[in-house]
Every structure is written in structure tokens, then in C-alpha cells.
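Trainee: Here is a sequence together with a model predicted from it:
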Amino acid sequence: MVGEDGVAIITINNPPLNLLSMDVMISLKESIEEASSRDDVKAIVLTGRNGKFSAGFQLTTFGNKERIKSSRELGYMSIEVVTGIIEACRKPLVAAIEGPSFGGGLEIALACHARISTSTAQLGLTELQYGILPGFGGTQRLPRLVGLSKALEMILTSKRVNGNEAQLLGLVDVIVPSYELLSTAREWALDIQNCRRPWAVSLFRTDRLSPLSEARTICRSARDLVQKQSPNLIHLLLCIDVIEEGIVNGPLWGLWKEAEALQELRQSNTCRSLIHIFFAQRQIRKIPGITDKGLRTREINKIAIISAGVVGSMIASALILRKFHVILKEEDEVSLLNGIKLVEDNLHRWATIGKISSQMLENSITFLDGVVSYDHFKDVDLVIETTSDTLLKQQIFADLEAYCSQQCILACSTSNINVNLLGEKTKSSNRIVGLHFMSPAPGLPLLEIVYTEKTSPQVIVDLMGFSSKLGKTPVVLQSFTGIVNRMLCLYFQAALFLIDYGIDVYQIDQALTTFGMQFGPFRMIDLLGLGISAAQITQFVECFPGRSYNSILIPIMQENGCEGESNRKGFYVYDDQLQAAANKMISVYISRVRNRCDEVESRIMKFSAEEISEMVLFPVVNETYRIIGDGVSIRDSDLDVASLGMGFPAYRGGVVYWSNVLGHEYICSKLLAWSKMHSNFFEPCPYLAKQVNKTASKSQL
């Protein structure tokens with residue numbers, strides 16, 4: 001569309017997010033070439049339909065061998081289209097940015113001769129979170145616009161900035177209200193045409209670049225940090241190489257290296273795994289028969305928590321940080337004061353290590369009230385019960401009917417209780433659910449929602465909305481206990497087995513963090529607290545006695561005053577900043593285990609890091625397939641997302657995806673060998689064995 005002022009408006013149109021594709025890029029190329037050749041066009045403005053510039057390239061293109069088969073095609077889009085057509089356009093080309101401008105969308109804008117943005121626009125090169133790298137020139141243009149250090153930070157962390165931040169960085173030229181966006185972009189384009197503003201070509205700017213020796217030092221520091229924090233993520237290092245190539249040898253060399261790197265990375269296991277997780281996280285919010293009913297989410301603002309113990313206080317702490325009004329109930333004043341102190345201690349601990357600011361600490365505590373009766377429950381939207389006794393739970397839910405409104409949701413936080421049992425003494429089974437916060441509540445990204453056949457779909461929709469307000473991913477499960485704690489218990493039990501058979505505590509943790517786990521099993525136990533971890537393991541053993549390994553190491557440590565991070569003494573000892581160091585008493589506690597338990601072998605078993613990680617994680621895989629066999633999860637991919645809640649690395653695609661990559665036969669054979677050699681704790685479950693048979697049958701066809 002060409003206006004009377006001679007400015008052509010080209011609109012990226014691929015709703016809802018105006019994603020890029022081969023067809024969109026070819027259409028964009030043709031539109032710009034046509035506008036450039038027309039005598040009645042003086043300048044061009046590029047924008048996106050319906051207030052969304054472009055959220056980037058379609059992810060289905062990557063991690064797929066059948067799409068974009070040659071580096072020639074990738075080089076064509078990046079070098080011949082973005083650089084050779086957009087940036088080299090003979091007429092001024094200005095980007096009018098509103099809404100999302102991510103990945104390839106932002107890279108196209110970087111190639112324009114100016115960028116006009118709204119303050120609420122979101123801009124970022126987010127490709128590395130999908131296992132690839134910016135492939136439309138972002139590795140070369142962003143450092144020239146914002147400086148090398150800031151560009152590395154934005155690219156390596158997939159950081160997004162709003163329009164105001166982008167202007168301060170030099171990423172956009174001016175901020176305007178949405179209603180002035182197109183008119184300002186038109187004026188800016190004409191000003192460039194009439195030499196009233198500079199015709200800026202981002203690729204060849206050098207004014208924001210550091211001197212070569214300094215740039216090399218910055219890149220070297222970035223590599224060192226990546227190798228320390230994410231040693232398995234090779235694409236991060238390759239991205240730094242590409243950025244440095246452009247600075248050392250020039251941007252055109254950098255563009256070709258970028259195209260080659262993208263071709264290599266887009267078919268990598270890391271790329272496939274991360275894209276699998278991306279779509280699994282989107283799919284997990286779709287619950288057949290619930291989210292497809294068109295129900296509107298009711299707000300949850302006021303929440304009551306019953307029992308101010310360790311779990312209740314942790315949940316209360318997380319909720320008040322998100323500015324929910326929380327009522328903490330205990331049976332008596334002494335217990336209540338202890339519970340409030342636990343909440344305050346949590347907040348102070350998080351402030352000490354920098355997770356929250358002192359201002360957040362002061363503000364959050366004002367959202368907490370303590371009570372010793374149900375009289376204050378009449379206007380609460382959600383009750384979360386955190387006691388440990390099943391019979392007491394049933395009585396509590398029966399009592400709540402008399403005090404809460406009929407719209408109030410009644411939830412149990414205990415993950416090893418069958419939710420069906422909780423409503424037996426009530427008339428409220430339609431609003432009773434399991435609601436499992438992964439401890440420590442603020443830090444881990446999941447919230448399990450367990451429903452029964454009687455649970456109202458409205459309740460599930462409300463809790464999914466509540467989960468989003470908490471910044472957590474909802475994992476919705478059917479009629480059973482929680483799943484993340486089942487995975488965690490096997491993670492802990494397998495690691496404890498290895499200790500009892502002579503493997504060093506810190507060697508085990510090192511092997512698992514080298515594999516990519518967020519925390520080794522013993523660092524994780526300390527983080528959760530030895531009391532909570534021991535209770536989870538005990539409940540698991542009671543529920544599943546035939547397939548458990550019950551070490552007495554944690555109880556012995558508790559007898560000696562070890563509680564984990566909370567008292568700075570567990571498998572590790574902690575300083576004021578909660579930095580961990582080896583606990584020199586661990587060998588003493590382990591020797592006491594051997595003295596008390598005749599079944600524990602005293603010989604030292606020698607395993608490589610890979611063997612240790614397999615012996616700890618294959619039982620987790622085994623339990624995951626038991627969960628699938630139980631019919632608890634809606635989709636197998638839901639368990640991949642759930643496994644992130646125990647710290648499983650997203651770049652391996654989740655537990656189920658990873659097991660598929662390794663092969664069921666390999667895992668099953670290992671488990672079978674260990675079960676014969678060591679313990680029936682490792683015995684493969686029937687469902688996993690069934691998968692092996694399926695694979696064998698397919699291979700014979």
C-alpha cells in the first residue's frame with residue numbers, strides 16, 4: 001500500500017504472531033523489491049499486522065531434517081534477503097515495531113535503516129533457548145548497535161527488553177504511542193530520503209564496538225562463564241565464536257559463519273530436545289473436556305493455609321511474595337507464632353542470598369494474617385491444607401464446609417495422598433483437589449493439580465489461572481497422587497543406594513550436575529530440607545514397598561542435628577550466603593549406617609560419572625514409565641515438563657524424551673542387570689518392558 005506521501009507500507013501478515021517462514025520471507029523479499037522499483041515510492045515502512053511485528057521464525061522449521069535442507073537456503077534468507085534486499089534497499093526502510101519482535105522478527109528490524117517502537121513492544125534475540133542461534137544477522141548487527149557486552153548478555157540469556165529499555169540501549173531510535181507509530185515511521189523514512197536524518201546501515205557501524213583486544217577479552221570471559229555454568233550447551237559457545245568472527249574478520253565473514261552454524265545446530269539433539277519441551281509446555285495447558293469448554297477463569301486472591309509447619313510456611317511465603325492475601329491457621333497461639341516466624345525466616349533467608357529485595361521482604365509480610373479458628377474463612381477463595389494425617393485431613397475438609405463459601409476451592413498439598421479419599425466425609429467432592437507446590441515453593445517452576453472424576457472443570461480452570469499468576473506451569477493429573485515427588489524419591493533412593501555401596505557423596509552430585517541436573521541429589525535434599533525429604537521417601541516406601549530402597553542415612557543425620565540449608569548443616573555445610581562446602585562429618589554418618597545395617601556392603605564400587613548418572617536416573621525413568629502405565633498423566637510429554645520440576649535439564653527434552661533417544665532396550669537391559677547384581681529396586685517395570693517388545697516388533701517388520 002502506497003500513501004499520498006509516497007511511503008509504501010509493507011505488513012508482515014501471518015497471524016496470530018506473524019511468524020516468519022520460507023513463504024513469508026519470499027513474499028517479503030518480493031514486496032520490498034517491487035516497492036524499490038516503483039517510481040511513486042519514496043520510502044518504505046515495515047510493520048506487522050494487528051499490533052504484532054513478528055515473534056520470529058516458525059520453530060517447526062528447526063529440529064527437522066525435512067525442512068530447509070541446504071545451507072544455501074539458509075544463507076539465501078540471511079545474506080541475500082535480509083542483507084542483500086532489506087539492508088541494501090535503495091530506498092529508506094524503517095521498521096515500525098509494536099508487540100513482540102523476537103528472533104528473526106527483530107533481526108529483520110535490525111537490518112532496517114531505522115526503528116520506531118512503542119514503549120510496550122518486546123524485543124529480543126531468543127533463539128538460543130531453542131538450541132540454535134540468531135540466523136538472520138543478529139549475531140553481527142546487535143553488537144554494532146548496543147555494544148558487545150550488552151549484545152552477549154541479551155543473546156546468551158535470550159533476554160527480552162521493552163521499548164523504553166531498547167531505546168536506552170540504542171536498539172531503537174525513538175519511542176512513540178501506538179496511535180502515532182505508523183505516522184512517525186512514515187515521517188522518519190521521508191526524513192532519511194530527504195537527508196534530514198542519517199541513512200544508518202547497522203551491519204557496518206563500528207562506533208559501539210570495543211577495540212579488538214578488549215573484544216577478545218570480553219568474548220573469552222563469556223566463554224569461561226558459559227563453560228562454568230552450562231558446559232553441555234555447545235551452541236552457546238558456537239554463538240560466541242560467530243560473534244567474535246564478525247568482529248575480528250568483518251561482518252560479512254560473520255554472516256557466512258552464522259549461516260553455517262545455524263545449519264549445523266538446527267538438526268542437533270539439543271535443538272530437537274528444546275523445541276520438544278517448548279511445544280510440550282504449550283500442550284500441557286490443554287486439558288480435554290476442561291479447557292475446551294470456554295470457561296472463564298475466576299480470580300483467586302485470598303487464600304487460607306491450614307497448618308503452619310515447614311510446608312505450610314513455605315507455601316505461605318511464596319504466596320505473599322506474589323501479593324496474595326494469606327490467612328495462616330494453627331490450632332493454638334504458640335504454634336501460630338512459630339509458623340509466622342518460619343515465614344519470616346524464609347523471607348529473610350531469601351533476602352540474604354539475593355532472591356528477593358529488602359523492600360519485597362517488608363511489603364510481603366503485610367499480606368499475612370494468622371488465626372486460630374475457621375471464623376475468618378468465609379470469604380477465602382482457596383484453602384490449602386498441609387497436615388500429614390489422612391484421617392485428620394478428612395475431618396478438616398468436612399469442617400470447612402461449614403465455614404467456607406460454596407465457591408471456595410479446597411486443596412490438599414500432600415502429594416502421596418489419593419485425592420479421592422479426601423472428600424468421603426463431605427458433600428464437596430466437586431471442589432476438592434490436590435495442589436502440590438514443588439519445594440522450595442518460589443524456586444521451582446511447576447504446580448501439580450490433581451483432580452478426580454468428581455472435580456468441577458471450573459475448579460481446574462481457576463487453579464490453572466492461579467498457577468499462571470504464580471509464574472508456574474500447571475501440571476494437571478487424573479485421580480491419583482503427585483508425580484514429581486515420585487520421580488524425586490527414586491532420584492534420592494538411587495543416590496542413597498550408591499552411598500551405601502561405597503560411592504562418595506560428592507562424586508555422585510558431581511556426576512549428576514555434569515549430566516545437567518540443576519542440583520545433585522544430595523544438594524537437592526539439603527535444599528528441600530532433610531525433614532521434608534525423609535517424609536517424602538517414607539511415604540513413598542509405604543505406598544510402594546516392593547520397589548523401594550530405604551536407607552537409614554538421612555535419619556542418622558537428623559539425629560545429629562542436620563536439617564539442610566535451613567540450619568546450614570546437611571550433606572553440605574553453608575555460609576551466610578548459603579554457599580555450599582563439603583560436610584566433613586558425612587563419612588562418620590556413613591560409617592554409622594554400616595554399623596547398624598548388616599545388608600550394606602563395605603566394598604568400594606568404582607563407577608565412571610556416566611555410570612553413576614545412569615544408576616541414579618534410570619530408576620527415575622523406570623518410575624516415569626510406571627506413572628504412564630498407571631494412566632495418571634494426560635500425555636507422555638506432560639511428564640517431560642514435570643521432570644523439569646526435579647531439575648532435569650530441558651536441553652535433554654525431559655525424562656521420557658531422553659529415554660526414547662537412549663532407547664528402551666538399552667535402559668531396560670541395564671536395569672535388569674543391576675536388579676540381578678544388586679537389588680530388585682532396579683527391576684524394570686512391566687510398561688517399560690512392554691515398550692521394549694514394541695520396538696523389537698517394529699524392527700522385525
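Mentor: Nice, thanks for sending it over.

Trainee: all contacts plus neighbour counts: C-alpha atoms, from now on.
Mentor: Noted.

Trainee: if I look at the residue nearest the centre of the chain, how far off is Leu238?
Mentor: Nearest to the centroid of the C-alpha atoms of the chain, with distances taken as C-alpha atoms, centre = their mean, sits Pro445, at 6.3 Å. When C-alpha to C-alpha, to the nearest Å is the yardstick, Pro445 and Leu238 sit 28 Å from each other.

Trainee: Over to Thr61?
Mentor: From Thr61 to Leu238 the distance is 20 Å (C-alpha to C-alpha).

Trainee: Look at these two and report which has more neighbours.
Mentor: Set side by side, Thr61 and Leu238 show more neighbours around Leu238, with 19 against 15, by other C-alpha atoms under 10 Å.

Trainee: isn't the more buried one right up against Ala259?
Mentor: No. Contact between Leu238 and Ala259 fails when scored by C-alpha atoms under 8 Å: they sit 11.8 Å apart.

Trainee: next SSE after the worst-scoring helix or strand of the chain on mean pLDDT?
Mentor: When the helices and strands of the chain are compared on mean pLDDT, DSSP states H and E, helix 71-75 comes out lowest with a mean of 56. Using DSSP states H and E, the helix or strand that follows helix 71-75 towards the C-terminus is strand 93-97.

Trainee: mean confidence for the next helix-or-strand element following that following strand?
Mentor: If you walk from strand 93-97 toward the C-terminus, the next helix or strand you reach (DSSP H and E) is strand 100-102. For strand 100-102, the mean per-residue pLDDT is 98.

Trainee: who touches strand 100-102?
Mentor: When contacts are taken as C-alpha atoms under 8 Å, 6 or more residues apart in numbering, the neighbours of strand 100-102 outside the stretch itself are Leu17, Lys52, Phe53, Ser54, Ala55, Gly56, Ala121, Gln122, Leu123, Gly124, Leu125, Thr126.

Trainee: try stretch 544-557
Mentor: The contact list for stretch 544-557 (C-alpha under 8 Å, 6+ apart) reads 490, 493-494, 496-497, 500, 530, 534, 537-538, 540-541, 570, 589-590, 592-593, 680-683.

Trainee: next one: stretch 581-588
Mentor: Residues from elsewhere that reach stretch 581-588 (C-alpha under 8 Å, 6+ apart): Tyr506, Lys569, Gly570, Phe571, Tyr572, Val573, Tyr574.

Trainee: quick one: terminal-to-terminal distance for that stretch?
Mentor: Looking at stretch 581-588, the gap from its leading to its trailing residue is 16 Å under the measure C-alpha to C-alpha.

Trainee: Narrow the contacts of stretch 544-557 to those in helices?
Mentor: Filtering the contacts of stretch 544-557 for membership in helices, criterion DSSP state H, returns 490, 493-494, 496-497, 500, 530, 534, 537-538, 540-541, 589-590, 592-593.

Trainee: elements contacting the host helix or strand of Leu639?
Mentor: Secondary-structure element containing Leu639, defined by DSSP H and E: helix 636-643. For helix 636-643, the helices and strands in contact under the criterion 3 or more C-alpha pairs under 8 Å, 6 or more residues apart in numbering; DSSP states H and E are helix 269-283, strand 473-478, helix 484-500, helix 655-662.

Trainee: State the mean pLDDT of it.
Mentor: Per-residue pLDDT values across helix 636-643 average out to 94.

Trainee: contacts for that helix?
Mentor: Here helix 636-643 has contacts from 277, 280-281, 284, 446, 475, 483-484, 487, 624, 628, 633, 653-657, using C-alpha under 8 Å, 6+ apart.
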